[in-house]
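**Q** what shape does this take:
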Amino acid sequence: LANSYQKFEVPRLAHTTAYAVRHNLSRYILPRWSSHVAIELRPLDIEAWFAALQEQGLAPPTISKLRAIMQQIYRHSQRVGLISRSQEANPVSFARARGKSNYKPVLISPHQAFHIIEQLKPLERTLAFLSAATGLRISESLGLKWMDIDFAGQQIVVKRTWIQGKVGRPKTAASAAAVPMAETLATAMSAWKKETPYSGEDDWVFPSLRKKGKQPREGAIAAADYLRPAAIKAGVIPEGFVGRFGWHNFRHSIASTLINDGENVKVVQGLLRHSRVEVTLNLYCHSASAEGLKAQERFAMVLRPNK
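**A** Okay, the predicted model is just below:
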């Protein structure tokens, strides 16, 4: 069933999603279940496997993704007639998996972002400024060519991604929406275009100089070599920090900052190009305790009895 799913369905997915599906299949799902008869799997056995993975340190969202992949395998198999279309033929439908993560990203205030950006070299500085100002995913930023930067229209068009050394499609249809480019950001992008040796319309905005501009930079390497050291100097993370910190922290931070400053959530959803507003609220808005105190104080003032 998994082989059929990989042959017919996975190629239809965005590059980043397809990569994750293949990785999870080869590392987790197939080593555990490939020797089993598909319709004889029991939901409680699947749940026990999920629990064992969590005890081994696998994050709940990853376990939830494993369940989703298995579910898609069974649904594909039912659609093409490899197994019965009855509900009983899909044991994953009855298996539960905890999907909520305890992960809390390190948020970067605008003041901290400024101190990070000012320490970086021109290419990484422009990349960090773009990430902080727009919330673009690093794969989207690295996939930009100068033809995608519409200075006259004050917007950036996301046409492709760059991840794991390959060009891919935007994550979703919503991800392909144009991104606003304010004047300050446009000025920074224009300055970098004048400085980079690769400024043709078909050139990468953030090229690998080692590869003579034939491909973009690698985001993970740039984060390890430049972004994290700058964040340590700026006091955002401590020396020797072992937690998750990279370009995606800018995406979390702009969403939380704008929401906490009172910006309309639909505006933030549009900026981040989420297909559903629930994604913006559930995954990318992390209320600061100070904002909670202010909200509580405003409400408490109404409740306060007259003396």
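**Q** flag every buried residue along stretch 156-164.
**A** Of the residues in stretch 156-164, 156, 158, 160-163 count as buried by neighbour count, 16 or more other CB atoms under 10 Å. Any C-beta I mention is one placed from the backbone N, CA and C, and that applies to glycine too.
**Q** tell me which of those fall in helices.
**A** Using DSSP state H, no member of those sits in helices.
**Q** mind putting those residues into JSON lines with pLDDT and distance to residue 86?
**A** Below are these laid out as JSON lines (pLDDT from 0 to 100; distance: CB to CB, whole Å):
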{"residue": "156", "pLDDT": "95", "distance to residue 86": "48"}
{"residue": "158", "pLDDT": "94", "distance to residue 86": "42"}
{"residue": "160", "pLDDT": "93", "distance to residue 86": "41"}
{"residue": "161", "pLDDT": "93", "distance to residue 86": "39"}
{"residue": "162", "pLDDT": "94", "distance to residue 86": "43"}
{"residue": "163", "pLDDT": "87", "distance to residue 86": "39"}
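**Q** how about the strands in the protein?
**A** Taking DSSP state E to define them, one finds strands in the chain at 149-150, 155-156, 161-163, 166-168, 179-180.
**Q** could these be laid out in CSV, adding distance to residue 116?
**A** Formatted as CSV, these follow (distance: least, CB to CB, whole Å):
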stretch, distance to residue 116
strand 149-150, 22
strand 155-156, 21
strand 161-163, 22
strand 166-168, 27
strand 179-180, 21
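**Q** low pLDDT regions in the chain?
**A** Residue ranges of the chain with pLDDT under 70: 99-102, 282-297, 299-307.
**Q** which residues in the stretch 51-200 of the chain form helices?
**A** 60-79, 110-117, 122-134, 138-142, 183-195 (DSSP state H, counting those that start in this stretch).
**Q** show me what the first one is packed against.
**A** Using 3 or more CB pairs under 8 Å, 6 or more residues apart in numbering; DSSP states H and E as the contact criterion, the secondary-structure elements in contact with helix 60-79 are helix 2-8, helix 15-24, helix 43-55.
**Q** thinking again about what came up before, which among the strands of the chain is found nearest to residue 12?
**A** Of all these, it is strand 166-168 that lies closest to residue 12, at 12.6 Å by CB to CB.
**Q** follow-up on the earlier one: for residue 93, which of the strands of the chain is the nearest?
**A** Per CB to CB, nearest to residue 93 of those: strand 166-168, 30.3 Å.
**Q** parallel or antiparallel, which strands does the closest one pair with?
**A** Its sheet considered, strand 166-168 pairs with strand 161-163 (antiparallel) by DSSP bridges.
**Q** list the contacts of the strand it pairs with.
**A** With CB atoms under 8 Å, 6 or more residues apart in numbering as the test, strand 161-163 has contacts from 14-16, 19, 137, 139-140, 142-143, 167-171, 215-216, 219.
**Q** please list only the buried members of these.
**A** Of the contacts of strand 161-163, these count as buried by 16+ other CB under 10 Å: 14-16, 19, 137, 139-140, 142-143, 168-171, 215-216, 219.
**Q** check the residues you listed and tell me the two furthest apart.
**A** 171 and 215 (20.1 Å).
**Q** nearest spatial neighbour of residue 133, skipping sequence neighbours?
**A** Excluding its sequence neighbours, the residue lying closest to residue 133 (CB to CB, 6 or more residues apart in numbering) is residue 185, at 4.9 Å.
**Q** the one you found and residue 129 touch, don't they?
**A** Yes - counting by CB atoms under 8 Å, residue 129 is a contact partner of residue 185 at 6.8 Å.
**Q** mutual contacts of these two, please.
**A** With the criterion set as CB under 8 Å, 6+ apart, the contacts of residue 185 and residue 129 do not overlap.
**Q** before we move on, the earlier item: which one of the helices of the stretch 51-200 of the chain lies nearest to residue 150?
**A** Between these, helix 183-195 lies closest to residue 150; by CB to CB that is 9.5 Å.
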